[in-house]
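> coords please:
(one chain, ligands or ions: 2)
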Amino acid sequence: MSTSSQQGATIWLTGLSGAGKSTITEALAPRLRAAGHRVDILDGDEVRQVLTADLGFSREDRITNVRRIGYVAEVLSRNGVLTLVPVIAPYAEARDAVRERHEKAGTPFVLIHVATSVEVCAERDVKGLYAKQKAGQMTGLTGVDDPYEEPTNADLRLDTAGRSLDESVDAVWAVLSTRGLI
Ligand SMILES: Nc1ncnc2c1ncn2[C@@H]1O[C@H](COP(=O)(O)OS(=O)(=O)O)[C@@H](OP(=O)(O)O)[C@H]1O
Ligand SMILES: Nc1ncnc2c1ncn2[C@@H]1O[C@H](COP(=O)(O)OP(=O)(O)O)[C@@H](O)[C@H]1O
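Ligands and ions are numbered 1, 2, ... in the order given. Below you'll find the predicted structure:
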């Protein structure tokens, strides 16, 4: 298949901080590239330094963040890129708006709920945010003292606790394969 005729899709990984969104994305991307796909990553932490640097973590700002990222993702995906989006996206309203944008354009949208529990995420505490919140040095941490609306329409619900990274990547791979995207 020539690269110009490739099927793109947005693969959105939603879930709490520390759930495994970025780790799975970073392992999945080279596998997809090795299989001949064009791949791009829109990581929440990175995008927030440029495209959404004006936004904080209020409900309104998080919704705007997700909608802007969804816009960029759809454009990339429409043009043949498998676009991986490891972004918390805690509000159903914003996730549904992104899904709708994709459906209107006829662009595939896959929602992966990285459903690692808040207890496990807090134990991992990759960035020290859970300890910071506990110490009263920050408020509004998703899943602790800020909402995370669990998706009811995810293509996959993946709890990474007790699972290897390879197993997690395989589970996402299987969904993409079933959807005919890879
Ligand atoms: N209050 C609060 N709650 C959650 N996360 C926080 C917060 N403050 C900063 N961070 C860091 O910002 C990353 C989440 O940004 P996102 O753009 O993915 O979030 S959102 O979809 O707009 O809710 C998130 O990245 P991940 O840990 O990779 O999920 C955190 O590193
Ligand atoms: N099966 C798994 N899949 C993904 N990450 C895992 C898994 N098991 C353990 N981890 C660990 O969990 C942490 C997840 O952190 P990260 O990917 O930064 O989360 P997020 O991007 O959701 O904030 C990493 O330290 C990673 O090594």
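
> interface residues of this protein facing ligand 1?
Within the chain, the positions near ligand 1 by C-beta under 6 Å from any ligand atom are 17-18, 21-22, 44-45, 48, 57, 62, 65-66, 87-90, 127, 140-142, 146. All C-beta atoms are positioned from the backbone trio N, CA, C, and that covers glycine.

> list only buried entries from those residues.
17-18, 21-22, 44, 48, 57, 62, 65-66, 87-90, 141-142, 146 (16 or more other C-beta atoms under 10 Å).

> how far away from the center of its chain is the helix or strand bottoming out on mean pLDDT in the chain?
Here the helix or strand of the chain ranked lowest by mean pLDDT, DSSP states H and E is helix 44-47, holding a mean of 92. Remark: helix 44-47 is offset 11 Å from the chain centroid, using C-alpha atoms, centre = their mean, to the nearest Å.

> over to stretch 41-48?
The answer for stretch 41-48 is 10 Å, by C-alpha atoms, centre = their mean.

> oh, and call the first residue 49 from now on, that's how I've got it
That works, and once the first residue is 49, the last one we named lands at stretch 89-96.

> what's the span of it, first residue to last?
13 Å (C-alpha to C-alpha, to the nearest Å).

> who's in contact with the following helix or strand past the least confident helix or strand of the chain?
Toward the C-terminus, helix 92-95 is succeeded by helix 107-126 as the next helix or strand (DSSP states H and E). Helix 107-126 is contacted from outside by 56-58, 60, 88, 90, 92, 95-96, 99-100, 103, 131, 133, 135-139, 141-143, 145-146, 149-150, 153, 155-157, 195, using C-beta atoms under 8 Å, 6 or more residues apart in numbering.

> lovely, talk soon.
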